[in-house]
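In: let's see this in three dimensions:
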Amino acid sequence: MPALLDHDLAPRRFTARLTAGFTLLALLLALIGVYGVMSYVVAQRAREIGIRMALGAARGEVVRLVLGRGLRIVAAGTGLGLVAALSRQLRVGSLREVPRAYGPPGSLRKSGAADRYHSEMTMVTFR
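Out: Below is the predicted model of the structure:
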């Protein structure tokens, strides 16, 4: 019995593992992107940071300045990404609604489409 259950669940497990793998890959790419944004922000403001440090700015103030600017950019990108993902999900979700005649197994009988199909085929064969 466990072997039969394992065989039955194998495609679902494979899909779950594949999805988890792509999720980890997406997370890694997102982290690399955040690192890239932060390094870009620091490189753009390197001169300003140097001048502030030379004039006696505290290290915490400079870190807060750099992180604040970088995190605002990251937050804006995250917000836009979430809006795009949600709008895409709504569009894709609306495409998944299938007419009852073409739905999951057993739905033909519920919608009466099987009876219509049977009667049409009967008429064709007896003409």
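In: quick one: the residue most central in space within the chain from Leu29, how far?
Out: The C-alpha lying nearest the average C-alpha coordinate of the chain belongs to Ala85 (C-alpha atoms, centre = their mean; 6.5 Å). According to C-beta to C-beta, to the nearest Å, Ala85 stands 15 Å off from Leu29. Backbone N, C-alpha and C define where each C-beta goes, glycine included.
In: do you know the pLDDT at Gln44?
Out: According to the prediction, Gln44 has pLDDT 88.
In: er, Leu29 I mean
Out: Predicted confidence (pLDDT) at Leu29: the value is 94.
In: that one and Thr19, how far apart?
Out: Leu29 sits 16 Å away from Thr19, going by C-beta to C-beta.
In: what is whichever helix in the chain runs longest packed up against?
Out: Longest helix of the chain, by residue count under DSSP state H: helix 2-44. Packed against helix 2-44, as judged by 3 or more C-beta pairs under 8 Å, 6 or more residues apart in numbering; DSSP states H and E, are the following elements: helix 59-95.
In: state the distance from the residue nearest to the centre of the chain to Arg91.
Out: Per C-beta to C-beta, Ala85 is found 11 Å from Arg91.
In: name the spans of this structure whose pLDDT lies under the cut-off.
Out: 93-127 (pLDDT under 70).
In: enumerate every residue touching Ile32.
Out: Applying C-beta atoms under 8 Å, 6 or more residues apart in numbering to Ile32 gives no contacts.
In: how near is it to Gly77?
Out: 13 Å.
In: and what of Ala20?
Out: Here Ala20 is placed at a distance of 24 Å from Gly77 (C-beta to C-beta).
In: also Arg88?
Out: With C-beta to C-beta as the criterion, Arg88 and Gly77 are 16 Å apart.
In: neighbour count for the two, which is higher?
Out: The residue with more neighbours, out of Arg88 and Gly77, is Gly77; 14 against 10, by other C-beta atoms under 10 Å.
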